[in-house]
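Peer 1: no sequence on this one, just coordinates:
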């Protein structure tokens, strides 16, 4: 078995695609129509295109518990998932300039530095640098 | 402060309360990151931070979830991918990242990456050619 896919719930796939490619710098990998305006839409990390695909999944629009869970995480400030970066401070500065909002500014905790931002699609996302 | 931040603060007090230990393991990790290509072993690492090697082994595993040796191997394999993509030969790559035997490098590479160094290189090089073709 191989881990190749991570799903992220989003409210608006087109908006999510824009955010994840234009702001975060991911690259679109698959975009397949699934009927009803839904798509099998995945992006990959630009520097690791063989790595796992991120599925921008419109779950909250079709399955109420998914929406409830996503809202609860957002309200508690919990990240839905996290991405590794080389330099949290540099990413924080770059993304802030692009208008991305951070709920946790770069913070050191033991052997990691992290920050949390809003992906505008219903999720908090954490970026992490190992110290 | 969000609920998440409150929970993190609790965790910080449980896991990272000993700053001296944290500084020690960060020092060791940085040393591995900058000296991965030389013959590193637990004796050398413990000498640098002036702690006993078994204590160091336990500390590193406690904070990074891996032994220093496993971390060193992962670092070397990651660096070797860059060399291979840049077109360096498999033997040169093996020596450049600090492995002494081509056999153990190839075996570790295959276990970690899922293909041999030469297969990986061939794939990457043909991909960059295709990219070039589509861009022009």
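Peer 2: Yep, it's here. Quick caveat, the model's predicted, so the values are computed rather than measured.
Peer 1: checking residue A:83 next. Helix, strand or coil?
Peer 2: Of the three states, residue A:83 takes strand according to DSSP: H, G, I helix; E, B strand; the rest coil.
Peer 1: let me redo that: residue B:11
Peer 2: Criterion first, three-state DSSP; result for residue B:11: helix.
Peer 1: tell me which stretches of the chain form helices.
Peer 2: Here I'm looking at chain A. Remark: helices assigned in chain A by DSSP state H are A:13-18, A:59-62, A:64-76, A:88-97.
Peer 1: chain B is the one I meant
Peer 2: B:3-15, B:19-35, B:42-49, B:53-64, B:68-85, B:90-96, B:102-113, B:117-135.
Peer 1: and the longest one, how far from the chain's centre?
Peer 2: So the one you mean is helix B:117-135. From the chain centre to the centre of helix B:117-135 is a distance of 24 Å (C-alpha atoms, centre = their mean, to the nearest Å).
Peer 1: mind listing what's buried along the helix or strand of chain A with the lowest mean pLDDT?
Peer 2: In chain A, the helix or strand scored least confidently by mean pLDDT, DSSP states H and E is helix A:59-62, which has a mean of 93. Going by neighbour count (16 or more other C-beta atoms under 10 Å in any protein chain shown), the buried part of helix A:59-62 is A:59, A:60, A:61. Yep, even glycine has a C-beta here, placed from its N, CA and C like the rest.
Peer 1: so where's chain A shaky on pLDDT?
Peer 2: In the predicted model of chain A, no residue satisfies pLDDT under 70.
Peer 1: next, give phi and psi for the residue in it positioned nearest to chain B.
Peer 2: For chain A, the nearest residue to chain B under the criterion C-beta to the nearest C-beta is residue A:77, separated by 2.6 Å. Note on residue A:77: its backbone torsions stand at phi 80, psi 10 [degrees, to the nearest 10].
Peer 1: I'd like to know how far it sits from residue A:111.
Peer 2: Applying C-beta to C-beta, to the nearest Å, the value for residue A:77 to residue A:111 is 22 Å.
Peer 1: who does residue A:32 bridge with?
Peer 2: Beta-bridge pairing of residue A:32 under DSSP bridges involves residue A:40.
Peer 1: what sits against it?
Peer 2: Applying C-beta atoms under 8 Å, 6 or more residues apart in numbering or on different chains, we find residue A:32 in contact with A:39, A:40, A:41.
Peer 1: can you report how many residues neighbour the second one?
Peer 2: Summarising burial for residue A:40: neighbours were counted as other C-beta atoms under 10 Å in any protein chain shown, giving 13.
Peer 1: quick check: residues of chain A near chain B?
Peer 2: Within reach of chain B by C-beta under 8 Å from any C-beta of the partner chain, chain A has these residues: A:76-79, A:103-104, A:109-111, A:116, A:124, A:130-131.
Peer 1: what's the domain layout of chain B?
Peer 2: Domain ranges of chain B: B:3-65, B:72-135, per automatic domain parsing.
Peer 1: re the thing from before, output the helices of chain B as JSON lines; include the columns mean pLDDT.
Peer 2: Shown next, in JSON lines, are these (pLDDT from 0 to 100):
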{"stretch": "helix B:3-15", "mean pLDDT": "94"}
{"stretch": "helix B:19-35", "mean pLDDT": "93"}
{"stretch": "helix B:42-49", "mean pLDDT": "80"}
{"stretch": "helix B:53-64", "mean pLDDT": "92"}
{"stretch": "helix B:68-85", "mean pLDDT": "94"}
{"stretch": "helix B:90-96", "mean pLDDT": "95"}
{"stretch": "helix B:102-113", "mean pLDDT": "94"}
{"stretch": "helix B:117-135", "mean pLDDT": "82"}
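Peer 1: in TSV: those, plus distance to chain A and mean neighbour count.
Peer 2: Formatted as TSV, the helices of chain B follow (distance: least, C-beta to the nearest C-beta, whole Å; neighbours: other C-beta atoms under 10 Å in any protein chain shown):
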stretch	distance to chain A	mean neighbour count
helix B:3-15	4	13
helix B:19-35	5	15
helix B:42-49	14	15
helix B:53-64	5	17
helix B:68-85	10	18
helix B:90-96	18	17
helix B:102-113	9	16
helix B:117-135	9	13
